[in-house]
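*Asks:* coordinates only, sequence not included:
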């Protein structure tokens with residue numbers, strides 16, 4: 001099911017139907033830009049299905065490059081940005097300067113683009129953005145909240161990239177990795193208008209008690225970081241289309257499960273909250289199936305997506321999917337017949353090159369036999385360490401797409 005979800009969101013499938021009509025370009029140029037974990041594969045799909053001339057620049061995560069002939073692929077760091085990403089962002093803005101109304105900019109955006117396009121607002125440096133990203137990742141803020149802050153401290157996000165393309169036409173193709181599929185939250189919306197404000201960003205920092213450098217606070221308090229707002233004439237010719245999303249991936253997994261004889265419930269494609277709390281809730285639903293046959297009779301599969309958060313308190317190796325799975329395991333307490341897989345569809349859960357992990361009815365017993373305490377591992381935010389010791393990590397390598405978290409609980413026949 002995990003493989004089916006990932007396969008459904010491959011750029012080779014979802015990009016070609018949305019390419020602009022060659023005849024509509026006339027004498028204008030096609031410039032391809034983009035950022036994200038899937039952006040290089042998206043660029044390759046464009047090259048494979050575009051018959052006319054094109055050029056461009058796309059930035060992706062280290063290890064996620066795909067060979068292209070006419071579009072330059074640059075690699076940079078994620079989730080904490082680096083200098084390579086900043087240089088790529090500067091070059092990208094330079095590439096779209098001086099365009100005319102006959103030109104078209106095709107922007108390829110997927111999850112991870114926020115970190116991969118780290119162009120600090122005037123008055124800020126890369127070190128400020130790096131410190132902020134680390135703090136946001138650890139504080140428990142949702143991805144939407146993190147991106148509100150990022151948009152107001154950037155010289156390229158929050159619609160600024162599309163504004164720089166004016167008066168050219170801008171078509172953005174998006175692979176969504178965020179709950180709710182809001183374009184402004186995917187890679188912090190470099191080509192879409194942003195209705196949020198610097199005041200909203202400050203409120204989020206206060207809510208999570210995030211300590212930021214004085215220069216960051218100055219940009220927000222002065223209003224200098226305001227993003228491009230709805231109705232801005234520079235975005236009049238900018239269009240955004242979502243070409244792949246978590247719901248479509250869950251539906252692909254559900255189809256496979258039904259073919260194998262399992263009833264399926266998709267519990268939601270935008271579930272958020274603390275990973276360990278979501279794990280407890282999912283355990284409660286699974287136990288209701290086991291004990292009462294509700295909301296489904298066995299055998300069945302419970303699917304969900306979205307993006308949980310982890311408030312880091314321990315010293316473990318982290319990972320929101322493995323934290324959710326470990327919480328599920330503790331709550332299930334070895335319940336017979338219940339198996340699960342949780343993983344990130346981009347192949348990276350947290351800062352580990354591990355997509356997620358598997359849970360079996362005997363996982364806790366095997367852990368205790370190895371001297372591992374599941375509650376202690378959970379308290380230490382060490383889901384990767386726990387499942388790695390059991391040999392139950394799921395390692396995919398770069399999947400070249402990103403439609404957020406995938407969670408499947410399989411409840412077998414009694």
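*Replies:* Here it is on my side, so go on. Owing to the predicted nature of the structure, the values given are computational and were not obtained by experimental measurement.
*Asks:* Could you use CA atoms for every contact and neighbour count after this?
*Replies:* Fine.
*Asks:* Quick one: the helices in the stretch 101-250 of the chain, in order.
*Replies:* All helices of the stretch 101-250 of the chain, identified by DSSP state H, counting those that start in this stretch, fall at 113-116, 126-139, 143-151, 160-165, 198-207, 214-222, 246-259.
*Asks:* domains for this protein, by residue range?
*Replies:* Listed domain ranges for the chain are 14-244, 247-411 (source: automatic domain parsing).
*Asks:* Now render the ones you listed as a markdown table, adding mean neighbour count, distance to residue 3 and mean pLDDT.
*Replies:* Formatted as a markdown table, these follow (neighbours: other Cα atoms under 10 Å; distance: least, Cα to Cα, whole Å; pLDDT from 0 to 100):
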| stretch | mean neighbour count | distance to residue 3 | mean pLDDT |
| --- | --- | --- | --- |
| domain 14-244 | 21 | 15 | 95 |
| domain 247-411 | 21 | 8 | 96 |
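*Asks:* Of the ones you listed, give the one that comes closest to residue 7.
*Replies:* domain 247-411 (8.1 Å; Cα to Cα).
*Asks:* looking at it, residue 57 is touching residue 34, isn't it?
*Replies:* Yes. Residue 57 lies in contact with residue 34 (Cα atoms under 8 Å); the separation is 6.9 Å.
*Asks:* Which helix or strand contains residue 270?
*Replies:* Assessed by DSSP states H and E, residue 270 sits inside strand 263-271.
*Asks:* List the residues that contact residue 18.
*Replies:* Residue 18 makes contact with 173, 243, according to Cα atoms under 8 Å, 6 or more residues apart in numbering.
*Asks:* which phi and psi does it have?
*Replies:* phi -110, psi 10 (degrees, to the nearest 10).
*Asks:* And the one 4 residues further on, by the same measure?
*Replies:* The phi and psi torsions at residue 22 (degrees, to the nearest 10) take the values phi -60, psi -40.
*Asks:* Identify the residues contacting residue 129.
*Replies:* Contacts of residue 129 (Cα under 8 Å, 6+ apart): 81, 118, 120.
*Asks:* any idea how far the closest residue in space to the last one that isn't next to it in sequence lies from residue 390?
*Replies:* Translated: residue 120. Take residue 120 and drop its neighbours on the chain: the residue closest to it by Cα to Cα, 6 or more residues apart in numbering is residue 154, 4.7 Å away. According to Cα to Cα, to the nearest Å, residue 154 and residue 390 sit 42 Å apart.
*Asks:* same thing with residue 284?
*Replies:* Taken as Cα to Cα, the span from residue 284 to residue 390 is 24 Å.
*Asks:* List the contacts of residue 405.
*Replies:* So residue 405 contacts 246, 305, 306, 307, 321, 342, 343, 344, 345 (Cα under 8 Å, 6+ apart).
*Asks:* same thing but at 10 Å, please
*Replies:* 177-179, 246, 269-271, 304-308, 320-321, 342-347, 349, 355-356 (Cα atoms under 10 Å, 6 or more residues apart in numbering).
*Asks:* and it, what are its bridge partners?
*Replies:* In this entry, residue 405 is beta-bridged to residue 306, residue 344, by DSSP bridges.
*Asks:* how far away is it from residue 347?
*Replies:* 10 Å.
*Asks:* Residue 90 should be in a strand, yeah?
*Replies:* No. Per DSSP: H, G, I helix; E, B strand; the rest coil, residue 90 lies outside any strand segment and is helix.
*Asks:* Now it: closest residue in space, sequence neighbours ignored.
*Replies:* Going by Cα to Cα, 6+ apart, residue 90 has residue 119 as its nearest residue, at 6.9 Å.
*Asks:* go on, residue 219?
*Replies:* Going by Cα to Cα, 6+ apart, residue 219 has residue 225 as its nearest residue, at 5.6 Å.
*Asks:* Does residue 239 touch residue 104 like I think?
*Replies:* No. If you go by Cα atoms under 10 Å, residue 239 and residue 104 don't touch, sitting 11.2 Å apart.
*Asks:* what do those two both touch?
*Replies:* 169, 170, 171.
*Asks:* is the first one in a bridge, and if so with what?
*Replies:* When assigned by DSSP bridges, residue 169 has beta-bridge partners residue 104.
*Asks:* what's the spacing between it and residue 408?
*Replies:* Where residue 408 is concerned, residue 169 sits at a distance of 41 Å (Cα to Cα).
*Asks:* again, but for the second one
*Replies:* Shown here: residue 170 relative to residue 408, a distance of 37 Å by Cα to Cα.
*Asks:* repeat for residue 137
*Replies:* Residue 137 is 25 Å from residue 408, by Cα to Cα.
*Asks:* Need the residues touching each of residue 57 and residue 34.
*Replies:* Common neighbours of residue 57 and residue 34 (Cα under 10 Å, 6+ apart) are 40, 43, 73, 89, 92, 107.
*Asks:* and which of these is nearest to residue 26?
*Replies:* For the shared contacts of residue 57 and residue 34, the nearest to residue 26 is residue 107 (19.0 Å; Cα to Cα).
*Asks:* Hmm, that closest one is touching residue 15, no?
*Replies:* No. Using Cα under 10 Å, residue 107 is not in contact with residue 15; the gap is 11.5 Å.
*Asks:* Give me the common contacts of the two.
*Replies:* Joint contacts of residue 107 and residue 15 (Cα under 10 Å, 6+ apart) are 42, 43, 173, 174.
*Asks:* what about the first one, which SS state?
*Replies:* Just to be clear, that refers to residue 42. Going by three-state DSSP: residue 42 is helix.
*Asks:* ok, it to residue 107 distance?
*Replies:* From residue 42 to residue 107 the distance is 10 Å (Cα to Cα).
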